[in-house]
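> I'll drop the sequence and a predicted model, then ask my questions.
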Amino acid sequence: MSGDDLTVSILREIRDEIRDGFRHVGSRIDATNERLDATNQRLDVTNEQLEVTNQRLAVVETTVKDFAGQHLLLTRFVKNVSDRHDKAIDNLDERVEKLETTSTSVR
């Protein structure tokens, strides 16, 4: 083998190894793309589930806000009723005290 033939042979081997390397890299890129596609599909499913969850949470939030408003109104109502009863009880206490005082003084 002459020097030129040896050089051409070495260059062909280098070229073939580079081609094989690119094929290997290409197949790895294809595999990576497939994994990315699968990941994107899972993310799409997750996003759909999050949308449903967000809708449900919005319903819960509205319900809790409504409940809080009703609770506040009920608390105010109960306090007002309690205050009225306290006044009525104080009034009855005074009347009973007056009656007891008059009944003991009559004897």
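Now that the structure is in, tell me what you want to look at.
> ok, which stretches of the protein are helices?
3-106 (DSSP state H).
> Stretch 23-40 - what's its average pLDDT?
For stretch 23-40, mean pLDDT is 92.
> before we move on, what about stretch 56-72?
Stretch 56-72 comes out at a mean pLDDT of 98.
> Show me the contact partners of that stretch.
Counting by C-beta atoms under 8 Å, 6 or more residues apart in numbering, stretch 56-72 makes contact with no residue outside itself. Every residue, glycine included, has its C-beta placed from N, CA and C.
> at 10 Å instead, please
Residues from elsewhere that reach stretch 56-72 (C-beta atoms under 10 Å, 6 or more residues apart in numbering): Leu50.
> okay, it in CSV with CA atoms only?
Taking Å, rounded to 0.1, in the frame of the first residue of the first chain, the C-alpha atoms of stretch 56-72 are listed here in CSV:
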residue,chain,number,x,y,z
ARG,A,56,-63.8,22.9,42.1
LEU,A,57,-61.7,25.1,44.3
ALA,A,58,-63.5,28.2,42.9
VAL,A,59,-66.8,26.5,44.0
VAL,A,60,-65.4,25.8,47.4
GLU,A,61,-64.1,29.4,47.7
THR,A,62,-67.5,30.8,46.8
THR,A,63,-69.3,28.5,49.2
VAL,A,64,-66.9,29.4,52.1
LYS,A,65,-67.4,33.1,51.4
ASP,A,66,-71.2,32.7,51.4
PHE,A,67,-71.0,30.7,54.6
ALA,A,68,-68.8,33.3,56.2
GLY,A,69,-71.3,36.0,55.3
GLN,A,70,-74.3,34.0,56.6
HIS,A,71,-72.3,33.2,59.8
LEU,A,72,-71.6,36.9,60.4
